[in-house]
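Peer 1: here's my sequence, what's the structure:
(chains A and B)
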There are 2 protein chains.
Amino acid sequence: MKIALAQLNYHIGNFESNTNKIISHIHAAKQNGADLIVFAELCVSGYPARDFLEFKEFINLCAEAAKTIAAECIDIACIIGLPTPNNNPEGKDLNNSAYFIEDGKVKAIVNKALLPNYDVFDEYRYFEPSMEFNCIDFKGKRIALTICEDLWNTVENPLYITRPMDMLIKQQPDVMINIAASPFAYNHDEERIDILSDNAGRYKLPLLYVNHVGAQTELIFDGGSLVFDNTGKLIDELPYFEEHVAYYTLSDDGAISFEHTSTLRTEKQSDIEQIHNALLLGIKDYFNKSGFKQAILGLSGGIDSAVVCALAAEALGPMNVMAVLLPSRFSSEHSLKDAEDLVKNLGCKHEVIAISKITEAFEESLYPQFNNLPFNIAEENIQSRSRAVLLMAMCNKFGYILLNTSNKSEAAVGYGTLYGDMCGGISVIGDVFKTHVFELARYINREREIIPVNTITKPPSAELRPNQKDTDSLPEYDILDAILAEYIENRCSSAEIIKMGFDEEVVRKVIRLVNISEHKRYQTPPILRVSPKAFGMGRRMPIVGKYLS
Amino acid sequence: MKIALAQLNYHIGNFESNTNKIISHIHAAKQNGADLIVFAELCVSGYPARDFLEFKEFINLCAEAAKTIAAECIDIACIIGLPTPNNNPEGKDLNNSAYFIEDGKVKAIVNKALLPNYDVFDEYRYFEPSMEFNCIDFKGKRIALTICEDLWNTVENPLYITRPMDMLIKQQPDVMINIAASPFAYNHDEERIDILSDNAGRYKLPLLYVNHVGAQTELIFDGGSLVFDNTGKLIDELPYFEEHVAYYTLSDDGAISFEHTSTLRTEKQSDIEQIHNALLLGIKDYFNKSGFKQAILGLSGGIDSAVVCALAAEALGPMNVMAVLLPSRFSSEHSLKDAEDLVKNLGCKHEVIAISKITEAFEESLYPQFNNLPFNIAEENIQSRSRAVLLMAMCNKFGYILLNTSNKSEAAVGYGTLYGDMCGGISVIGDVFKTHVFELARYINREREIIPVNTITKPPSAELRPNQKDTDSLPEYDILDAILAEYIENRCSSAEIIKMGFDEEVVRKVIRLVNISEHKRYQTPPILRVSPKAFGMGRRMPIVGKYLS
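Peer 2: Next comes the predicted model:
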């Protein structure tokens, strides 16, 4: 039996595009002699469709698309994923379903049993978990078909449902197929391989796994679909961050073989290389799928905006990136020079708009209220917000999308101005700690100097007052990031972090800053997620609450 | 048996305050001769504690607080709610628990079985549903204790768990007690009474129901704890929107009696009166619980900011409200006059800061880029954003919190400027349709003219260009709001709404506007929730997706 794995990039709610893409791959696979082509979880609707799923019309359109796809599925079988109505009126309205289609008809339906409901996942919001487990017979083979989390044997799964494979194995299947929508995080690929390999080995069955690829606003799907033999050995791996289709033959003795040159990675990609590729895909798909072409950003001469500018130029093409230099009276000479060098290296568009006249107009207008109160955060923020008004005016006039350039470290401690540098349509590096931003810059420069070395080596500064340095108010970034990772990603208490050897005063200050900044993060743009715990949908904190410290 | 129902206002994560409040009410109830005092669901932690629940330290502090409370519970029993570790390592980490405490010890633990995971609720994110059902024997009575959703017999509940009362009734209890955290929506009180009455009647048992009161950022808990006799008749109702304790006697024959004058509402409160009271509590608690005192807002002379200003003045006291008039060259004479009249009527503080010099500075600075392109949305938004920069500067200088004044109709269709009038710490009327804003204004004026009549009667305008009216780009508000309610609250498709008799072109335009504004709403402040479907946590839409139309 010849099986095609189709790792594709879908667009949520775009039934025309998703359906056409699926059908054209069915035809191609048939031409290539495949007996079965496997698409990813919820490929018909795109994933995650969120509260679109609460609209009956949306579910009807999924059903119609499935009908259209089925009609094209002649002399080949396919597996597609879609939300379907739950026939029992007592449970949730929907099931997260897989259709096995053969001869133009839905021959079998498998519903997902284990529904992820943690971090960015909300599947219990929509779906009723399945309690029925049946294999599918096809051309003399018995297939154990499961959906994503159904093979995810971790403690996150609720107790009350048996693991689907423990039920399916009783029917003595010949092969496991799992269709998934498993988003990228820099440490997730290895975990995924380990868990799936464990399944193949435990049940002594070959396993074919098909993932999504492509970004859906903040969630980036990295592809990397996988094939294991019946000992749990990984024998092939589809490419990461791109669409790909590959063919595998399942022989009568249960062995899996293929004719193409394996795309199995021979060496581990570094975290930074993966993050880099994920962010490129994240930017590209945000623009492609929202129908916009041109990005704008404020270029300060600092490392954050430089990295975002370089990523955007690579993702969208330099002619589609407008960098705006917005110097104030506190901007240093080298900042302007560094920003201009970057623009030259990248070949993107740029403008220079000085903000002094604007900030003076604000300060004059506020003179009766502010009187002679000393310069403080109010005046600092006026600068940052004036820049945002200028950038948004450019967006409104010319149709740009503003890229946010805040990094995860400053987003964490609230070192940024709400409605100022925290603006943007999408946050590119909001899930990248500052120490990783430096590594990203070096990675971007791996072949030639794109980001000026001075931008990388000079001490970070917001330049909102004379001689300001980030370290005036924050610890060194390697210490800050280490504390933040323990608190945000590992959810350690301050006591636990202090016990690890960090300075008590520093730890308490950092955690306090994180806590009092929740109200700011609530209003930030969606953040491209590259870590296992990003700000946004995956981290839901009270705003008005008393925080631990 | 004498039972006290304690309807109290808790603060999420404030263990000291919550614990002290619970203990002082235990002592008072003992003094008043109560055998048992009942507190609300998750009262120890506050509700919803969201991802605080993922911190082990938070759960430990809940356990410590329970221990402290138990030690004070001598010669009286109490029921408290708190998150507790789930002892089975395979499920979710926690249970949503109720402790029955007697003689200083936890005598029984009840875990919630039906976990709401829709709209604003995320309980499957944290909790493992209970599968064990046991009544509690206390002083010769058998109590069937359940937690909130456990008595919520709607189709939202998953199939795989039997209704808890169907299990508990087999043990022949004498009384039902339900502890809840049920947030306000203008139509929710009647639904709550109907469902609980149905339970009391079906199981032929008296029912005591204790709810939270108080706001937790966007969620407002209205109290209104309830007492039913064993026929399902509502015999008492605690006051809405305030803390209250009441005592009930359960006699040997199962009858419930009380000595106080009943607080059962004799006439139905109008939706607008309820919304009004809810918003007052929402504002008050947002400030109280975040430790801020003073609010600021921009006053345009229009009805939205007038209503918010009046509500804030009532909630916080007029001396704690700073109204800023921010006229531009497009502001009409009557707008300034109306705003000044309102300030006078309320007695709040005010400032006038003209924005023309600022917008001119922006336009001059952008001249090289904008050249002679015609005035459009870019210049309109510069005005709105300049006002936001001024208001935020006042916040940064003087410690105000900015109140957002957008209504639900404009938030829905994106008729507002991101980083402009969409700014704020909390959105006061973001869940109130414009037609209801008019009703609110009339309600605020029920005894005397507070909001100038001209503000209510003149045609709404953003005044961002000459002679602008809302109806230039939007349908009349009664039509707009009706379409929005069908789409947002009832999730009807455009085809369905058109079939109701609305003009096709208008419906398609409105729905398209709602859809293309998701990216804006993503970055808005938390919105005080007063309807069954508010923007925010309760409505999670994809941003980059293809919408139906």
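Peer 1: tell me, how many residues neighbour A:Lys458?
Peer 2: 17 (other CB atoms under 10 Å in any protein chain shown). For every residue, glycine as well, the C-beta is placed using N, CA and C.
Peer 1: now swap in A:Leu316 and tell me
Peer 2: A:Leu316 has 23 neighbouring residues, counting by other CB under 10 Å.
Peer 1: likewise A:Leu196?
Peer 2: Here the number of neighbours of A:Leu196 (other CB under 10 Å) works out to 23.
Peer 1: helix or strand right after the regular element (helix or strand) spanning it?
Peer 2: Using DSSP states H and E, A:Leu196 sits within helix A:188-203. On the C-terminal side of helix A:188-203, the nearest following helix or strand under DSSP H and E is strand A:207-210.
Peer 1: do the helix holding A:Leu196 and chain B meet?
Peer 2: No - Helix A:188-203 does not reach chain B (CB under 8 Å from any CB of the partner chain); its nearest approach is 15.5 Å.
Peer 1: what packs against that helix?
Peer 2: Applying 3 or more CB pairs under 8 Å, 6 or more residues apart in numbering or on different chains; DSSP states H and E, one finds that helix A:188-203 contacts strand A:175-179, strand A:207-210, strand A:226-228, strand A:234-237.
Peer 1: and these, which is most packed in?
Peer 2: Ranked by mean neighbour count under mean count of other CB atoms under 10 Å in any protein chain shown, the helices and strands packed on helix A:188-203 are led by strand A:207-210, which reaches a mean of 28.
Peer 1: and it, how far from the chain's centre?
Peer 2: In terms of CA atoms, centre = their mean, to the nearest Å, the centre of strand A:207-210 is set 21 Å apart from its chain centre.
Peer 1: again with stretch A:51-63
Peer 2: Stretch A:51-63 sits 24 Å away from the centroid of its parent chain (CA atoms, centre = their mean).
Peer 1: any idea of the mean pLDDT for that stretch?
Peer 2: Averaging the model's pLDDT scores along stretch A:51-63 yields 96.
Peer 1: list the contacts of it.
Peer 2: Applying CB atoms under 8 Å, 6 or more residues apart in numbering or on different chains, the external contacts of stretch A:51-63 come out as A:12-13, A:15, A:44-45, A:49, A:82-85, A:93-94, A:126, B:491, B:493, B:495-496, B:539-542, B:545, B:548.
Peer 1: in which helix or strand would I find the closest residue to A:Ile450 other than its chain neighbours?
Peer 2: Closest residue to A:Ile450 apart from its sequence neighbours, by CB to CB, 6 or more residues apart in numbering or on different chains: A:Asn345 at 4.9 Å. Secondary structure from DSSP H and E places A:Asn345 in helix A:333-346.
Peer 1: so A:Ser473 sits against A:Glu380, correct?
Peer 2: No - look at A:Ser473 against A:Glu380 with CB atoms under 8 Å: they stay out of range, at 11.4 Å.
Peer 1: and the two? Which one has more around it.
Peer 2: The residue with more neighbours, out of A:Ser473 and A:Glu380, is A:Glu380; 20 against 12, by other CB under 10 Å.
Peer 1: just the element for that one, please.
Peer 2: Taking DSSP H and E as the criterion, A:Glu380 maps to helix A:377-398.
Peer 1: on that earlier part again, contacts for the helix or strand following the helix holding A:Asn345?
Peer 2: Sequence order places strand A:349-352 as the next helix or strand after helix A:333-346, per DSSP H and E. By CB under 8 Å, 6+ apart, the surrounding residues in contact with strand A:349-352 are A:299, A:318-319, A:321-327, A:336, A:339-340, A:343, A:394, B:368-369.
Peer 1: of all the residues in strand A:349-352, which ones are buried?
Peer 2: Within strand A:349-352, the residues that qualify as buried are A:350-351, counting by 16 or more other CB atoms under 10 Å in any protein chain shown.
Peer 1: one more: stretch A:242-253?
Peer 2: A:244-248, A:250.
Peer 1: also stretch A:317-336?
Peer 2: A:318, A:320-328, A:330-331, A:335-336.
Peer 1: ok, back up a step: for chain B, find the nearest of the helices and strands packed on helix A:188-203.
Peer 2: Closest of the helices and strands packed on helix A:188-203 to chain B is strand A:175-179, at 20.3 Å (criterion: CB to the nearest CB).
Peer 1: tell me which strands that closest one pairs with, and in which orientation.
Peer 2: Paired with strand A:175-179 in the same sheet, following DSSP bridges, are strand A:141-147 (parallel), strand A:207-210 (parallel).
Peer 1: buried set for the helix or strand following the first one?
Peer 2: Using DSSP H and E, the helix or strand that follows strand A:141-147 in sequence is helix A:164-168. Judged by neighbour count (16+ other CB under 10 Å), helix A:164-168 contains these buried residues: A:164-165, A:167-168.
Peer 1: farthest pair within those residues?
Peer 2: Distances among those were taken as CB to CB; the most separated pair is A:Met165 and A:Met167, at 7.2 Å.
Peer 1: and chain A, what are its domains?
Peer 2: The record's domain split for chain A, according to automatic domain parsing, is A:2-266, A:276-521.
Peer 1: restricted to strands, list the contacts of stretch A:51-63.
Peer 2: A:82-85, A:94 (DSSP state E).
Peer 1: the lowest-mean-pLDDT helix or strand in chain A near chain B at all?
Peer 2: Ranked by mean pLDDT, DSSP states H and E, the weakest helix or strand in chain A is helix A:470-473, scoring a mean of 84. No - if you take CB under 8 Å from any CB as the test, helix A:470-473 misses chain B, and the best it gets is 15.4 Å.
Peer 1: ok, stretch A:421-438 next?
Peer 2: Yes - Stretch A:421-438 is in contact with chain B by CB under 8 Å from any CB, via A:423, A:425.
Peer 1: can you tell me the SS state at the nearest residue in space to A:Ile483 that is not next to it in sequence?
Peer 2: The shortest distance from A:Ile483 to any non-neighbouring residue, by CB to CB, 6+ apart, is to A:Val510 (4.8 Å). Secondary structure, DSSP: H, G, I helix; E, B strand; the rest coil: A:Val510 is helix.
Peer 1: for stretch A:53-69, buried residues please.
Peer 2: A:53-55, A:58-59, A:61-62, A:65-66, A:68-69.
Peer 1: what do you get for stretch A:535-549?
Peer 2: By 16+ other CB under 10 Å, the buried positions in stretch A:535-549 come out as A:535-548.
Peer 1: where does chain A dip in pLDDT?
Peer 2: Where chain A drops to pLDDT under 70, the residues are A:153-162, A:549.
Peer 1: what parts of the stretch 201-350 of chain A come near chain B?
Peer 2: Neighbours of chain B within the stretch 201-350 of chain A, by CB under 8 Å from any CB: A:216-217, A:285-286, A:289-290.
Peer 1: among the residues you listed, which ones are in strands?
Peer 2: Of the positions in those, A:Gln216 sit in strands, assigned by DSSP E.
Peer 1: of the residues of the stretch 201-350 of chain A next to chain B, which is the most crowded?
Peer 2: Going by other CB under 10 Å, A:Thr217 tops these with 29 neighbours.
Peer 1: quick check: end-to-end length of stretch A:112-126?
Peer 2: Taking CA to CA, to the nearest Å as the measure, stretch A:112-126 stretches 12 Å from start to finish.
Peer 1: that older thread, can you name every helix or strand that the helix holding A:Asn345 contacts?
Peer 2: strand A:295-299, helix A:303-316, strand A:321-325, strand A:349-352, helix A:453-457.
Peer 1: so it versus strand A:321-325, what angle?
Peer 2: 170 degrees (axes from the mean of the first three to the mean of the last three CA atoms, to 10 degrees).
Peer 1: show me how far helix A:333-346 is from its chain's centre.
Peer 2: Mean-position distance between helix A:333-346 and its chain equals 30 Å (CA atoms, centre = their mean).
Peer 1: do stretch A:498-506 as well
Peer 2: 32 Å.
Peer 1: tell me the span between the first and last residue of it.
Peer 2: Terminal residues of stretch A:498-506 lie 9 Å apart, using CA to CA.
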